[in-house]
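[1] Fold the stuff below for me.
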Amino acid sequence: MSRLRVLLAEDHQAVAELLRGLLEAECDVVGVVPDGNSLIAAIDTLRPDVIVSDITMPGCDGLAATGAILNRWTGARIVFVTVRDEPPIVRKAISLGALGYVLKEDASEELLNAVRAAQAGQSYFSRSVRTDLL
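    Presented below is the predicted three-dimensional model:
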């Protein structure tokens, strides 16, 4: 079985390297981009199985990028990894079509589970996300 191809969008280099290290246990990280515009531009070339994106990034943020991506590539599988845990933000991510939502504080234990779930077309929320408020 081939490894999942993951494209990572994270604007802080140190965080990007930590997330890349977590993902590389089971995935091939085909690219790391610093913002939503770069994420959108990279998809055609890199053809990831799953996109892992921060929400708060300069310029085009992860939410705006998700809207653009899913308008063009309806089958894209997107997992957010973020510090943003406010219910309106989580609801917005879900309404745009993201399959996963992992808080960065939970990423070491839950990011790979979210990526696996997204590849299978299933939703995944890290344990710290208050789904009862959604």
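[2] Which positions in whichever strand or helix holds L111 come out as buried?
    L111 is located in helix 107-119, with elements delineated by DSSP states H and E. For helix 107-119, burial by neighbour count (16 or more other CB atoms under 10 Å) applies to A107, E110, L111, L112, A114, V115, R116, A117, A118, Q119. To be clear about C-beta, it is placed using only N, CA and C from the backbone, and glycine gets the same treatment.
[3] Hmm, the fourth one is touching L19, no?
    This points to L112. No: between L112 and L19 there is no contact under CB atoms under 8 Å: 10.7 Å.
[4] and D35, what does it touch?
    A9, D11, M57, P58, G59, C60 (CB atoms under 8 Å, 6 or more residues apart in numbering).
[5] For the fifth one, grab the count of nearby residues.
    Applying the criterion other CB atoms under 10 Å, we find 12 residues in the vicinity of G59.
[6] Make sure it is indeed in a strand.
    No: G59: not assigned to a strand; according to DSSP: H, G, I helix; E, B strand; the rest coil it is coil.
[7] Let the chain start at 38 from now.
    I'll keep to 38 as the first residue from here, and by that count the last item is G96.
[8] Now the residue nearest to it when sequence neighbours are not counted, what are its backbone angles?
    Computed as CB to CB, 6 or more residues apart in numbering, the closest residue to G96 that is not its neighbour in sequence is D72, at 4.8 Å. Main-chain dihedrals, D72, degrees, to the nearest 10: phi -160, psi 170.
[9] same question, the one 5 residues further on
    The phi and psi torsions at I77 (degrees, to the nearest 10) take the values phi -60, psi -40.
[10] Relative to T111, how far out is it?
    As defined by CB to CB, to the nearest Å, I77 lies at a distance of 14 Å from T111.
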